[in-house]
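**Student:** Please find the sequence and the predicted model below.
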Amino acid sequence: MQQSIDIFEYLTVKSGLNYISDLTVRCNFIRARGALRNIPEHYYSLKEWKDLYNYVSGRYCKFNSIPEIKNALMKI
């Protein structure tokens with residue numbers, strides 16, 4: 001399901017951050033995990049979830065399902 005606001009913007013706004021790049025700072029992403037937890041997995045495509053993981057973790061996403069990606073993001 002395509003959302004009007006992308007997953008990066010959503011997490012930035014819900015976390016009270018000023019810039020999307022703030023998500024790459026670990027203490028900021030810890031704040032974002034609360035908002036992440038509340039996103040239904042079907043709201044964003046697998047590609048969007050993978051892009052988020054790649055951006056936030058700085059690593060290539062090897063996961064092939066949204067639940068796996070979401071679980072890995074919750075551990076960052």
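**Tutor:** Thanks, I have the structure now. All of these numbers come straight from a predicted model, not from anything done at the bench.

**Student:** Tell me who's in contact with residue 17.
**Tutor:** Residues near residue 17 by CB atoms under 8 Å, 6 or more residues apart in numbering: 11, 23, 28, 31-32. Backbone N, C-alpha and C define where each C-beta goes, glycine included.

**Student:** just residue 56 next, same as before
**Tutor:** 23-24, 29, 73, 76.

**Student:** Are any of those buried, and if so which?
**Tutor:** Buried members of those, scored by 16 or more other CB atoms under 10 Å, are 23, 29, 73, 76.

**Student:** Against residue 16, how distant is the last one?
**Tutor:** Distance of residue 76 to residue 16, given as CB to CB, to the nearest Å: 18 Å.

**Student:** try the first one
**Tutor:** Residue 23 sits 12 Å away from residue 16, taking CB to CB as the criterion.

**Student:** circling back to that earlier point, now, among the contacts of residue 17, which is nearest to residue 62?
**Tutor:** Nearest to residue 62 out of the contacts of residue 17 is residue 23 (CB to CB; 20.0 Å).
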